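A.B. asks: sequence? don't have it. structure:
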């Protein structure tokens, strides 16, 4: 009886390990974006964010599509065109393999050119969605709440200007700052304190 119990326990343990390491697909998740940017590109609104996409299962997943739903009051807009990559080497989003280790990129999203959407002052609720290969319904990865003041909204009259939202752990909220592309060169830092160039510079 003891030998049978030990054998059964060993079999169950082996099956559990096989499930966790080989069979379980898990899902795809995203870290809270540290940076979110409201930008303008050729007169069209553009949303930038930086985050890590990762899978909760060993086998990983293929992300077919990423998109945003941006809501301000009663207005809701799909930002369905996406690009990803490091600065000056962005690629059009056409599928991305996500593993347990995850991938951290800059992500850029644009609405249709005829959307008429523009960044006005107010409260913004942004949901990040992912379409996973062989799954029917898109997955909501994350929801972000941002506030755009009247003063910062006026700045979008200048197409070289953007608003950068930085997550502040101490206040559990995003802080907004105005950032304009430098007139000469591209050496301006994200914060003005030498932490690197603007992601869209």
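C.D. replies: Great, that's in hand. Please read all numbers here as calculations on a predicted model, not as lab measurements.
A.B. asks: now the helices: where do they sit in this protein?
C.D. replies: With DSSP state H, the ranges of helices along the chain come out as 2-18, 150-154.
A.B. asks: rank those helices by pLDDT, which is bottom?
C.D. replies: Note on the helices of the chain: lowest mean pLDDT is at helix 2-18, with a mean of 66.
A.B. asks: Could I get the average pLDDT for stretch 69-76?
C.D. replies: Across stretch 69-76, pLDDT averages out at 95.
A.B. asks: you'd agree residue 80 is up against residue 112?
C.D. replies: Yes. Under the criterion of Cβ atoms under 8 Å, residue 80 is in contact with residue 112, at a separation of 7.2 Å. Where C-beta positions appear, they are placed from N, C-alpha and C, glycine not excepted.
A.B. asks: Show me which of the two is the more surrounded one.
C.D. replies: residue 80 (16 against 13; other Cβ atoms under 10 Å).
A.B. asks: need the contact list for the more buried one.
C.D. replies: Shown in contact with residue 80 (Cβ atoms under 8 Å, 6 or more residues apart in numbering): 67, 109-112.
A.B. asks: switch the cut-off to 6 Å
C.D. replies: Under the criterion of Cβ atoms under 6 Å, 6 or more residues apart in numbering, the contact partners of residue 80 comprise residue 67.
A.B. asks: thought residue 138 was touching residue 127?
C.D. replies: No. Between residue 138 and residue 127 no contact is recorded; they are 9.8 Å apart, counting by Cβ atoms under 6 Å.
A.B. asks: Distance from the chain centre to stretch 118-137, please.
C.D. replies: Distance, stretch centre to chain centre, for stretch 118-137: 9 Å (Cα atoms, centre = their mean, to the nearest Å).
A.B. asks: And it, what's buried?
C.D. replies: 119, 124, 126-130, 132 (16 or more other Cβ atoms under 10 Å).
A.B. asks: Using a markdown table, lay out those residues together with pLDDT and distance to residue 84.
C.D. replies: Putting those into a markdown table (pLDDT from 0 to 100; distance: Cβ to Cβ, whole Å) gives the following:
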| residue | pLDDT | distance to residue 84 |
| --- | --- | --- |
| 119 | 93 | 22 |
| 124 | 96 | 21 |
| 126 | 97 | 17 |
| 127 | 96 | 18 |
| 128 | 96 | 13 |
| 129 | 96 | 15 |
| 130 | 93 | 12 |
| 132 | 90 | 16 |
